[in-house]
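Trainee: This is a predicted model, with the sequence first.
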Amino acid sequence: MVYLSLAMVAVLTGSSGPTWFKLMGSDPGPFVKVHWRMTLTALIQAPLAFFQLYNLEREKRKTVLSQLPRLVFPVGVCLSLHFACVVYSVSTTSFAHAIATINTAPLFFTAFFLLRHLASLFSQRYMASGLIGVKGSGGEALSSPTFLDPSRSPPPSLLEGSGALLAFCGVCALVSLDSASSDLPVTLGGDVVGCMASLFMALYLYGGRRRGDTPLFAWMFPLHVCASAISGALALVTGGSVGGGDGLLGWTVSQNAFGATLGSAVVPSLVAHSLINFLTTPGILSPFIVAMILNLQPISGNVIAWAVGLQGQPSLLSLCFVPLIVLGLLLSTWGKQSVGSK
């Protein structure tokens with residue numbers, strides 16, 4: 001119950017992310033906005049990370065510092081690309097559609113599980129027959145890798161897949177009836193990029209399990225440093241600048257930009273993403289269940305956007321589909337528990 005309560009806090013704080021990006025203005029490009037948020041988040045997390053590392057035993061600290069770069073880099077790439085897609089989607093399509101499409105990660109998890117299961121079946125069949133794979137010293141075919149063992153790579157259960165699909169249908173119904181409150185016209189490109197944001201979110205959530213027993217902020221700080229460097233480099237490559245109000249340092253010269261950046265760094269990043277990374281620690285909640293719980297963000301996100309004046313009042317009729325999202329979450333959670341952690 002405590003973990004589910006923390007997950008709901010993550011939902012409420014994380015769903016404000018697109019709103020903070022909107023409040024940063026329309027001039028900065030998507031990679032610039034991501035760089036602002038990642039940089040300030042890293043600065044806030046730095047003392048917390050150093051404190052946690054300082055309190056580790058010397059040998060443990062050396063081990064953590066030696067492993068962090070290779071563990072953090074791929075997850076940092078996913079984090080920066082996720083936020084870049086979020087910013088682009090929010091600025092090019094209806095806010096309701098953007099906040100819905102960026103929360104379709106459970107569908108990608110279901111696809112991951114299915115593809116991994118099919119790959120395990122393929123590997124088991126052909127490696128066992130000796131048609132592919134590495135031969136042992138005596139010429140015998142070696143067994144397939146553990147992660148491709150069918151017994152360890154089960155397909156998604158019917159309840160998992162049904163729950164993810166049901167929740168997605170609820171999200172689609174919710175936003176399709178909210179066209180009157182949209183601030184921008186719906187665009188296919190913006191919706192596609194929003195789905196790409198969900199893909200990178202799924203990869204980021206699953207990659208968070210690489211943290212192992214590394215202290216939370218000792219993991220989060222280099223993760224955001226990595227994302228800051230990647231987004232800054234991409235901003236410069238795509239025509240961005242260092243100075244000026246819409247440059248990499250723009251958040252330091254504009255009071256409005258600083259306020260929006262600080263809000264995004266503290267509320268959705270420091271609070272929500274710290275909770276998300278904590279909850280996906282092995283033994284607490286699976287990344288799939290966390291992604292399913294985050295499916296509630298379109299509800300709170302649209303309410304937050306309406307409250308600050310970024311869009312019209314959400315349709316009361318659309319809220320009738322909220323139970324579909326909740327039911328999908330319950331079905332997926334039940335199905336996940338029945339097959340064990342993937």
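Mentor: Structure's in. What do you need?
Trainee: Next one: residue 57 from residue 64, what distance?
Mentor: 10 Å (CB to CB, to the nearest Å). Where C-beta positions appear, they are placed from N, C-alpha and C, glycine not excepted.
Trainee: low pLDDT regions in the stretch 101-250 of the chain?
Mentor: Scanning the stretch 101-250 of the chain for pLDDT under 70 picks out 123-156, 171, 174-184.
Trainee: for it, what spans make up the helices?
Mentor: In the stretch 101-250 of the chain, the helices defined using DSSP state H, counting those that start in this stretch lie at 105-128, 158-176, 188-207, 216-237.
Trainee: Report how many residues lie close to the spatially closest residue to residue 27 that is not a sequence neighbour.
Mentor: Excluding its sequence neighbours, the residue lying closest to residue 27 (CB to CB, 6 or more residues apart in numbering) is residue 246, at 4.2 Å. Counted with other CB atoms under 10 Å, residues neighbouring residue 246 total 19.
Trainee: Check the spacing between residue 246 and residue 253 real quick.
Mentor: 10 Å.
Trainee: hmm, back to that, can I get the helices of the stretch 101-250 of the chain in CSV with mean neighbour count?
Mentor: Output for these, formatted as CSV (neighbours: other CB atoms under 10 Å):
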stretch, mean neighbour count
helix 105-128, 18
helix 158-176, 21
helix 188-207, 21
helix 216-237, 22
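Trainee: Take those helices and lay them out in a markdown table including distance to residue 22.
Mentor: Putting the helices of the stretch 101-250 of the chain into a markdown table (distance: least, CB to CB, whole Å) gives the following:
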| stretch | distance to residue 22 |
| --- | --- |
| helix 105-128 | 21 |
| helix 158-176 | 17 |
| helix 188-207 | 13 |
| helix 216-237 | 18 |
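Trainee: quick one on the thing from earlier: more neighbours: residue 57 and residue 64, which one.
Mentor: The residue with more neighbours, out of residue 57 and residue 64, is residue 64; 19 against 8, by other CB under 10 Å.
Trainee: So what's the residue count around the residue lying closest to the more buried one once chain neighbours are set aside?
Mentor: Leaving aside its chain neighbours, residue 64 sits nearest to residue 214 (5.4 Å; criterion: CB to CB, 6+ apart). Neighbourhood size, residue 214 [other CB under 10 Å]: 23.
Trainee: Hmm, residue 214 is touching residue 66, no?
Mentor: No. Counting by CB atoms under 8 Å, residue 214 sits too far from residue 66 to count as a contact (11.5 Å).
Trainee: that older thread, what sits against the residue nearest to residue 27?
Mentor: Residues in contact with residue 246 (CB atoms under 8 Å, 6 or more residues apart in numbering) are 25, 27-29, 32, 240.
Trainee: Show the end-to-end separation of stretch 290-309, please.
Mentor: End-to-end distance for stretch 290-309: 29 Å, by CA to CA, to the nearest Å.
Trainee: For it, could you pull out the residues that count as buried?
Mentor: By neighbour count on 16 or more other CB atoms under 10 Å, the buried set for stretch 290-309 is 290-302, 304-306.
Trainee: for stretch 16-26, same thing?
Mentor: For stretch 16-26, a neighbour-count test (16+ other CB under 10 Å) marks 16-24 as buried.
Trainee: Now do stretch 51-66: distance to the chain's middle.
Mentor: Taking the mean of its C-alpha atoms, stretch 51-66 sits 27 Å from the chain's own mean (CA atoms, centre = their mean, to the nearest Å).
Trainee: Mean confidence (pLDDT) on that stretch, please.
Mentor: If you average the pLDDT over stretch 51-66, you get 90.
Trainee: picking that back up, which among the contacts of residue 246 count as buried?
Mentor: Burial of these was assessed by neighbour count (16+ other CB under 10 Å); the buried members are 28-29, 32, 240.
Trainee: Adding secondary structure and distance to residue 195, write these out as JSON lines.
Mentor: JSON lines is the format used below for those (DSSP: H, G, I helix; E, B strand; the rest coil; distance: CB to CB, whole Å):
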{"residue": "28", "secondary structure": "coil", "distance to residue 195": "23"}
{"residue": "29", "secondary structure": "coil", "distance to residue 195": "21"}
{"residue": "32", "secondary structure": "helix", "distance to residue 195": "23"}
{"residue": "240", "secondary structure": "coil", "distance to residue 195": "25"}
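Trainee: which of those lies closest to residue 93?
Mentor: Among those, residue 29 lies closest to residue 93 (CB to CB), at 16.6 Å.
Trainee: Pull the contacting residues for the closest one.
Mentor: Contact analysis of residue 29 by CB under 8 Å, 6+ apart lists 235, 238-240, 246.
Trainee: Which residues are in contact with residue 273?
Mentor: By CB under 8 Å, 6+ apart, the contact set of residue 273 is 10, 14, 220.
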